[in-house]
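Enquirer: my questions concern the predicted model and sequence given below.
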Amino acid sequence: EVNPETSARLSAGVTVALGVAAILLPYFFSTLAVMMLAAVVLASGAVALLRVLTARRAGIPAGVFGPWAQIVTGVVLLAWPDLALWLVALLLGGGLIAGGILALLALRGSSVINPPLAERILPWAQLGLGVLLIAMGAAGSALLLGVVLGLALIGSGLRQWRLADLARE
C-alpha cells in the first residue's frame, strides 16, 4: 500500500527538481514549453477546421481562415520554436523600454524637486533591461522563462512538501 505522505513528498521533490532543472537549463525548458503550446495551437486549429467543415456540409456558411491560420501557426512554431522566443523577447523588451521611457518622462514633468533615488534609478533599469532582453533575443526570453518557470515550480514543490508535513500532524 502506498503511503499518501510519501507519495506527496516524492511529488514535491520531483517538482522542486524540475524547477531547479528549468533554472539550470532554461533554453531546453523554454523550447519545450513553446513546442507544447504549438502542439495545442495545431490541435485546436485541426478541431476547429473539422467543426467548420462539418458546419459547411450542413449548409451553414463558415470561414476556414481562422482554423487554417491556427494550423499554420502551430506548424511554424513546432518547426521553429526560436521564432516564438524571439517574438517574446521583442514584445517584452519593447514593453520594458516603453515603460522606462514613460516613467522618465513622468519624472521629468513631475513637480517633485528631489525624488527618491529608487524613482530615479528604476526607470533607467527598466529601460536597460528592455534593451538587454531585445539584444539577447530568443536566448534572453528563454532565460527569463526558465527562471520564472523554475521559481514557480520550486515554490509549488515546497508548498506540497509543507502540506504533506501538515497532513502528518
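Expert: Yep, it's here. Quick caveat: nothing in here was measured; it's all calculated off a predicted structure. Numbering: from 1, shown residues only.

Enquirer: low-confidence stretches in the protein?
Expert: 1 (pLDDT under 70).

Enquirer: check contacts around the residue nearest the centre of the chain.
Expert: Centroid check for the chain by CA atoms, centre = their mean gives Leu145 as the closest residue, at 5.5 Å. For Leu145, the contact set (CB atoms under 8 Å, 6 or more residues apart in numbering) comprises Pro26, Phe29, Ser30, Ala33, Leu85, Val88. Just so you know, the C-beta spots here come from the backbone N, C-alpha and C atoms, and that holds for glycine as well.

Enquirer: let me have the residues you listed in CSV, extended by distance to Ile101.
Expert: Below are the contacts of Leu145 laid out as CSV (distance: CB to CB, whole Å):
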residue, distance to Ile101
Pro26, 28
Phe29, 32
Ser30, 27
Ala33, 30
Leu85, 24
Val88, 20
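
Enquirer: who wins for neighbours among those?
Expert: Counting neighbours by other CB atoms under 10 Å, Ser30 leads those with 27 neighbours.

Enquirer: so which helix or strand takes in that residue?
Expert: helix 26-57 (DSSP states H and E).

Enquirer: hmm, back to that, quick check: the farthest pair among the contacts of Leu145?
Expert: Comparing every pair within those by CB to CB identifies Phe29 and Val88 as the most remote, at 13.8 Å.

Enquirer: now stretch 39-49: buried residues?
Expert: Val41, Leu42, Gly45, Ala48, Leu49 (16 or more other CB atoms under 10 Å).

Enquirer: the first one - nearest residue in space that isn't next to it in sequence?
Expert: With CB to CB, 6 or more residues apart in numbering as the criterion, Val41 has its nearest non-adjacent residue at 4.0 Å, and that residue is Gly74.

Enquirer: so that neighbour touches Ala38, yeah?
Expert: Yes: between Gly74 and Ala38 there is a contact at 5.0 Å, judged by CB atoms under 8 Å.

Enquirer: so which residues of this protein form helices?
Expert: For the chain, the helices defined by DSSP state H cover 4-24, 26-57, 65-79, 81-109, 117-136, 138-168.

Enquirer: by contact count, what packs against the shortest one?
Expert: Packed against helix 65-79, as judged by 3 or more CB pairs under 8 Å, 6 or more residues apart in numbering; DSSP states H and E, are the following elements: helix 26-57, helix 81-109.

Enquirer: who's in contact with it?
Expert: Taking CB under 8 Å, 6+ apart as the rule, helix 65-79 contacts 34-35, 37-46, 48-49, 51-52, 83-84.

Enquirer: what's around Ala125, how many residues?
Expert: 12.

Enquirer: once you drop chain neighbours, what's closest to it?
Expert: Per CB to CB, 6+ apart, closest to Ala125 is Gly100, 7.8 Å.
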